[in-house]
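In: Please find the sequence and the predicted model below.
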Protein chains: 2
Amino acid sequence: MQISKGVEWAVHAAALLNGLPAGRGLKAEALARYHGVPAPYMAKQMQALSKAGITRSSRGAHGGYRLARPADQISLWDITAAVDGKGPAFRCTEIRQNGPCGLKPKDCKKACQIAAAFAAAERAFRESLAVISLADIAGQVVDDASPEHLTAIMQWLGKEAEPLSDSQS
Amino acid sequence: MQISKGVEWAVHAAALLNGLPAGRGLKAEALARYHGVPAPYMAKQMQALSKAGITRSSRGAHGGYRLARPADQISLWDITAAVDGKGPAFRCTEIRQNGPCGLKPKDCKKACQIAAAFAAAERAFRESLAVISLADIAGQVVDDASPEHLTAIMQWLGKEAEPLSDSQS
DNA sequence: TTAAATCGGATAAAAAATATCCGAATAAAG
DNA sequence: CTTTATTCGGATATTTTTTATCCGATTTAA
C-alpha cells in the first residue's frame, strides 16, 4: 500500500500557491525548481490538480497555475484523490464465488464482510484527510518557520510570480 | 494507493483455517484450489503469514498450515501488515529541504506538517483494521451463509484437512 | 501577423507487484 | 536405517503500475 510521490509534491505545490498575492500565479517549471524535483513530473501533477478543479491554469506567455478556490475549501483528501484517484485501495475480487464451495452470484447481494471491513478503514482514512485544509497546513508552516525563512520565500515569490490573465481552466 | 491482492487472499485463507478442527491443517495448494487462485502466489502469501507468526507450518508429507493462535487474537491489521508490510504508505522525502528556499536539516527536527497529517490518517486506517479480528469475520460469514453452504464447506474440509505433526514454525 | 512561451496529452524508463520455479527439509514407508 | 514421496521456503521470470520524459496544441503578447 503506497501513496504515490506525486501526492506529496502536489500538496507542497498547492501550499506554495496559497502564498501568492491575488491575481498572480506560478508556472509548473518554477514550482518544480522551488521544490527541487523533475519539472515534467511536477507538471503532470499540476495537470491532475487542474483537471480536478483545485487549481486554475493559464496558457501561453506568462501563464501558470493558481488555486481555484480559497485554501480553507481545499482538503488534503481533495488533493490526494485528484492525484492518486478516488478508487478504493482494497479491490474485492469476489473470490468467495470461486472454487468448489463458491457462492452463487445471487447469494452475494450483501457485500463481502472482508471487503466491508477494509472499506470502513479507508473511510476512516479519507475522513481524517478531509478535515484538514490547505489553510490549516499553511498556517502551521508559517507558525513553525523562522522570520528569515518566510522573508526568503516572499522574495522568491516576488521574483517568480507572474500576473495572470483571467482566462479560464 | 493500492492494497495488494495478496492481502485479500491471505485474509480469506486465514478465515478458512479458522474453520479447521484442532490439530489439523491445509496445504498451500489446497488453500489455492479452494479459492480458485494460482497456487504459487497463494503459497507466497502463506509464507508471509508464517514469517509473521500468524500461522504455523509443517513441512514434509502431510504438512500444511494452521493458525498459530486463537482467531480472536488475530486482527485484520496483523494480516495486512504481514503481507503488505508495516511501512507507511505516505513516504516523506523531505522536499522542504530542497531548492532555493530549502530548510537546513537542523530546522527540520519537527516532522513536516504534511507528513504528520498523512501519518494521522494512516493511524486511523490501522486502528480501524486492528479492532476487527478474524473471529469477528468468521462469525459474520457463518451468520450470513445458508446451512447448505456451511455443510458443503465442512465436507470439503473433512476431505482435505490433514492431521499435522507438532513440529515447529 | 508573427513568434515566443506554456499547458495538455501521448510516449519511454524504472520500480513494484504478480506469477512461477526449483532446491532444502521433513515425515512416512520400505 | 535408508529411501522416497511430499511439502514449505527462498530465489527467479513476467506483467503491471508508477515514475519520468517528450512533443504537439493553444494562448498571449509583441
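Out: Right, received. Where do you want to start?
In: Who are the contact partners of the residue lying farthest from the centre of chain A?
Out: For chain A, the largest distance from the centre (Cα atoms, centre = their mean) belongs to A:Pro100, which lies 44.4 Å off. If you count contacts by Cβ atoms under 8 Å, 6 or more residues apart in numbering or on different chains, A:Pro100 has them with B:Arg33, B:Tyr34, B:Ala152, B:Trp156. Every C-beta, even on glycine, is put in place using the N, C-alpha and C of the backbone.
In: Just the buried ones from these?
Out: Among those, those that count as buried by neighbour count (16 or more other Cβ atoms under 10 Å in any protein chain shown) are B:Arg33, B:Tyr34, B:Trp156.
In: So which residues of chain A form strands?
Out: A:24-25, A:55-58, A:64-67, A:162-163 (DSSP state E).
In: how about the contacts of A:Pro100, which pair is most distant?
Out: B:Arg33 and B:Ala152 (14.5 Å; Cβ to Cβ).
In: how much does the top helix by length along chain A deviate in direction from helix B:113-130?
Out: What stands out as the longest helix in chain A, according to DSSP state H, is helix A:113-130. Interaxial angle, helix A:113-130 versus helix B:113-130 (axes from the mean of the first three to the mean of the last three Cα atoms, to 10 degrees): 150 degrees.
In: what comes up buried for helix A:113-130?
Out: Neighbour count says helix A:113-130 has A:113-115, A:117-119, A:121-122, A:124-126, A:128-129 buried, by 16+ other Cβ under 10 Å.
In: One more: stretch A:2-19?
Out: A:2-19.
In: go on, stretch A:125-145?
Out: A:125-126, A:128-129, A:132-138, A:140-141, A:145.
In: same deal with stretch A:96-106?
Out: Those would be A:Arg96, A:Asn98, A:Gly99, A:Cys101, A:Gly102, A:Leu103, for stretch A:96-106 by 16+ other Cβ under 10 Å.
In: Now find how far off-centre it is within its chain.
Out: 39 Å (Cα atoms, centre = their mean, to the nearest Å).
In: Same check on stretch A:54-70?
Out: 15 Å.
In: mind listing which of the buried residues of stretch A:2-19 are in helices?
Out: A:5-17.
In: Cross-check those against DNA strand D and keep the overlap.
Out: A:Lys5, A:Gly6 (Cβ under 7 Å from any atom of the strand).
In: Quickly name whichever of the ones in helices among the buried residues of stretch A:2-19 is closest to B:Gly60.
Out: Of all those, B:Gly60 sits closest to A:Lys5, with 45.3 Å by Cβ to Cβ.
In: these two touch, right, the closest one and B:Arg91?
Out: Yes. Using Cβ atoms under 8 Å as the test, A:Lys5 is close enough to B:Arg91 to be in contact (7.2 Å).
In: Next, the residues that contact the lowest-mean-pLDDT helix or strand in chain A from outside, please.
Out: Ranked by mean pLDDT, DSSP states H and E, the weakest helix or strand in chain A is strand A:162-163, scoring a mean of 79. Residues from elsewhere that reach strand A:162-163 (Cβ under 8 Å, 6+ apart): A:Gly23, A:Arg24, A:Gly25, A:Leu26, A:Lys27, A:His62, A:Gly63, A:Gly64.
In: Can you report how many residues neighbour the residue lying closest to the second one once chain neighbours are set aside?
Out: Leaving aside its sequence neighbours, A:Arg24 sits nearest to A:Ala161 (Cβ to Cβ, 6 or more residues apart in numbering or on different chains; 4.2 Å). As a burial measure, the neighbour count of A:Ala161 was computed by other Cβ atoms under 10 Å in any protein chain shown and equals 20.
In: quick one, what contacts A:Ala161?
Out: A:Leu20, A:Pro21, A:Arg24, A:Gly25, A:Leu26.
In: For the third one, give me its contacts.
Out: So the one you mean is A:Arg24. A:Arg66, A:Ala161, A:Glu162, A:Pro163, A:Leu164.
In: just these now: which is nearest A:Gly87?
Out: Nearest member of the contacts of A:Arg24 to A:Gly87, counting by Cβ to Cβ, is A:Arg66, at 28.1 Å.
In: Please determine how far that closest one is located from DNA strand C.
Out: Applying Cβ to the nearest atom of the strand, to the nearest Å, the value for A:Arg66 to DNA strand C is 10 Å.
In: Could you find the closest non-adjacent residue to A:Ala117?
Out: That would be B:Ile132: by Cβ to Cβ, 6+ apart, it lies 5.1 Å from A:Ala117.
In: Ignore what I typed, I meant A:Ser146.
Out: Closest residue in space to A:Ser146, ignoring its immediate chain neighbours: B:Asp107 at 7.1 Å, by Cβ to Cβ, 6+ apart.
In: what's the neighbour count on the one you found?
Out: Neighbours around B:Asp107, by other Cβ under 10 Å: 14.
In: hang on, isn't it packed against B:Glu94?
Out: No. Judged on Cβ under 8 Å, B:Asp107 makes no contact with B:Glu94 at a distance of 11.4 Å.
In: where does A:Leu103 fall, phi/psi-wise?
Out: Taking degrees, to the nearest 10, you get phi -80, psi 150 for the backbone angles of A:Leu103.
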